[in-house]
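Trainee: Let's see this in three dimensions:
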Amino acid sequence: MSFQPADRVSSFGTTIFAEIGKLASEYDALRLSTGYPDYDGPPEAIEAAAQAMRAGHNQYAPTLGEPILREALAEHAQRFYGQQLDPEIEIAVTNGAAETLYSVCAGLINPGDEVIIIEPHFDVYVPDVLMVGGIPRYVPLRPPHWEFDLDELESAFNARTRAIIVNTPHNPTGKVFGRTLLEKIAALCQKWNVIAIADEVYEHLVYSGATHIRLATLPGMFERTITISSASKTFSFTGWRIGWALGPSHLITALRLAHQYIIDCSATPMQYGIAAALRLPNSYFDQYVNAYSARRTLLMDALRNSGLQALAPEGGYFILAGIEALGFDDDVEFCRYLIREVGVATIPPSASFSAGNRHLGQKYIRFAFCKTLELLEQAGKRLLAL
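Mentor: As a prediction, the model looks like this:
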């Protein structure tokens, strides 16, 4: 006897990441496909986590998060954004930003509610919305500069819209949403009484010429915005699974109601480690951006030397490179070719679009540069084979 998957997951299938990962292993390809660093974050955080273990902080943490971490998050919001948050009722610690997103959907989206999703999108957005009975409403960023059609954006809002997911700096395009665009989104949210789910995990990874603006700091937006971030990107500890949500108490309460039954708490010692990381001096955050800026430059040069066409991202650690100049127009086939013939693994961005807009990503591939300089240099040499 065999049983079929529940309807809510039966259409999901295997992700493109799994297919690319398997093929990369088979051909021993350099993985510029994976969106996580191949090195550790600040040693101060590791030592703080180790001290917490030695001090006996090894049991369940409070569902809301350890007080030391919630206090550090409040200090961080004040230091970088001038926000004053109450760590008792306006901050929740979660099991990474991915769990935050699901808990937000479970706590705030009702069956039949529409949720605006900007494409290309992070891979969990659509499944999260579908699993709670929501209806995705897609608005694409259009190449080559990854801009909105503002009329298209405005027409996506209606009386059934419950929320919009706003990811800035944006994965995978590297676009940083400027003030004018954010004010447009804010005005539409207020006009239609819509919740803004602000995924800002790349908040500290913004390059010269661009500025990250926290959506919740715009007039009229704090009361309707839940801001999500995590330790994975800023501190390079993707395996620690520490994320958080910031917002008004009524939104945080809704998230917590779901979170307590999804994943009761996050790893206790790691919360102490990230509290220490959040309190690092500004010099850490400056050095972090400088290190990634050097990696961005190295990979951009390699892509251009290989004949691929790319715009330098304003933020984050991904580059979308155009493949048309090399005679390709199918990103999935090109990614397979690149692994087999060149030995470099990348991700096809068309997988991050809805079916109707998939063509917008088919002439690009996504490179991740959150890797050591040595690996990026090696990849650059292989790409010259193109």
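Trainee: Please count neighbours and contacts with C-alpha atoms only from this point.
Mentor: Fine.
Trainee: For the stretch 1-150 of the chain, which segments count as strands?
Mentor: Taking DSSP state E, counting those that start in this stretch as the criterion, the stretch 1-150 of the chain carries its strands at 30-31, 91-94, 114-119, 135-140.
Trainee: Same question for the stretch 251-386 of the chain.
Mentor: Under DSSP E, counting those that start in this stretch, the stretch 251-386 of the chain gives strands at 309-310, 318-322, 344-345, 364-368.
Trainee: Just give me the lowest mean pLDDT stretch among these.
Mentor: When these are compared by mean pLDDT, strand 309-310 comes last with a mean of 92.
Trainee: measure Ile117 to Leu384 for me?
Mentor: 36 Å (C-alpha to C-alpha, to the nearest Å).
Trainee: So those two - more neighbours on which side?
Mentor: Ile117 (25 against 14; other C-alpha atoms under 10 Å).
Trainee: Just the pLDDT for that one.
Mentor: Looking at Ile117, its pLDDT reads 98.
Trainee: That one and Pro136 touch, don't they?
Mentor: Yes. Using C-alpha atoms under 8 Å, Ile117 is in contact with Pro136, at 6.4 Å.
Trainee: Can you check which residues contact both of these two?
Mentor: Between them, Ile117 and Pro136 share these contacting residues under C-alpha atoms under 8 Å, 6 or more residues apart in numbering: Val126.
Trainee: per-residue confidence for Leu101?
Mentor: The model's pLDDT for Leu101 equals 98.
Trainee: tell me which residues in stretch 29-44 are buried?
Mentor: Buried positions in stretch 29-44, judged by neighbour count with 16 or more other C-alpha atoms under 10 Å: 29-37, 41-42.
Trainee: Check stretch 53-64 too.
Mentor: Buried-residue list, stretch 53-64, by 16+ other C-alpha under 10 Å: 53, 57, 61, 63-64.
Trainee: how deep is Tyr284 tucked in, by neighbour count?
Mentor: 15.
Trainee: The chain - how does it break down into domains?
Mentor: 7-41+283-383, 43-278 (automatic domain parsing).
Trainee: how about the helices of this protein, start to end?
Mentor: Per DSSP state H, the chain carries helices over the ranges 7-10, 16-27, 43-54, 67-81, 96-108, 125-131, 150-156, 179-192, 231-234, 249-262, 268-278, 282-305, 331-337, 373-383.
Trainee: which one of those lies closest to His212?
Mentor: Nearest to His212 among the helices of the chain is helix 179-192; the distance by C-alpha to C-alpha comes to 8.9 Å.
Trainee: which helices and strands does the closest one pack with?
Mentor: Applying 3 or more C-alpha pairs under 8 Å, 6 or more residues apart in numbering; DSSP states H and E, one finds that helix 179-192 contacts no other helix or strand.
Trainee: Can you give the distance of that helix from its chain's centre?
Mentor: Centroid separation between helix 179-192 and its chain, computed with C-alpha atoms, centre = their mean, to the nearest Å, is 21 Å.
Trainee: Identify all contacting residues around it.
Mentor: Here helix 179-192 makes contact (C-alpha under 8 Å, 6+ apart) with 154, 157-159, 161, 194-196, 213, 215, 218, 220-221.
Trainee: Identify each buried residue in that helix, please.
Mentor: The neighbour-count check on helix 179-192 (16+ other C-alpha under 10 Å) flags 182-183, 185-189 as buried.
Trainee: of those residues, closest to Val289?
Mentor: Leu182 (23.0 Å).
Trainee: weakest of the helices of the chain by average pLDDT?
Mentor: Sorting those by mean pLDDT places helix 7-10 lowest, at a mean of 86.
Trainee: Could you check it and say which residues are buried?
Mentor: So, applying 16+ other C-alpha under 10 Å, helix 7-10 has no buried residues.
Trainee: Including distance to Asp86, could the buried residues of helix 179-192 go into TSV?
Mentor: Converted to TSV, these look like this (distance: C-alpha to C-alpha, whole Å):
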residue	distance to Asp86
Leu182	25
Glu183	25
Ile185	26
Ala186	23
Ala187	26
Leu188	27
Cys189	24
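Trainee: ok, those residues vs Tyr288, which is closest?
Mentor: Tyr288 lies nearest to Leu182 out of those, by C-alpha to C-alpha, at 25.5 Å.
Trainee: That closest one and Asn167, how far apart?
Mentor: According to C-alpha to C-alpha, Leu182 stands 11 Å off from Asn167.
Trainee: now Leu298
Mentor: Applying C-alpha to C-alpha, the value for Leu298 to Asn167 is 25 Å.
Trainee: Pick out whichever of these two has more residues nearby.
Mentor: Neighbour count, other C-alpha under 10 Å: between Leu298 and Asn167, Asn167 has more, with 25 against 16.
Trainee: these two touch, right, that one and Ala198?
Mentor: Yes. Counting by C-alpha under 8 Å, Ala198 is a contact partner of Asn167 at 5.9 Å.
Trainee: between those two, what contacts are shared?
Mentor: Residues touching both Asn167 and Ala198 by C-alpha under 8 Å, 6+ apart: none at all.
Trainee: Skip the chain neighbours and tell me the closest residue to Phe177.
Mentor: Nearest non-adjacent residue to Phe177, counting by C-alpha to C-alpha, 6 or more residues apart in numbering: Thr168, 5.9 Å away.
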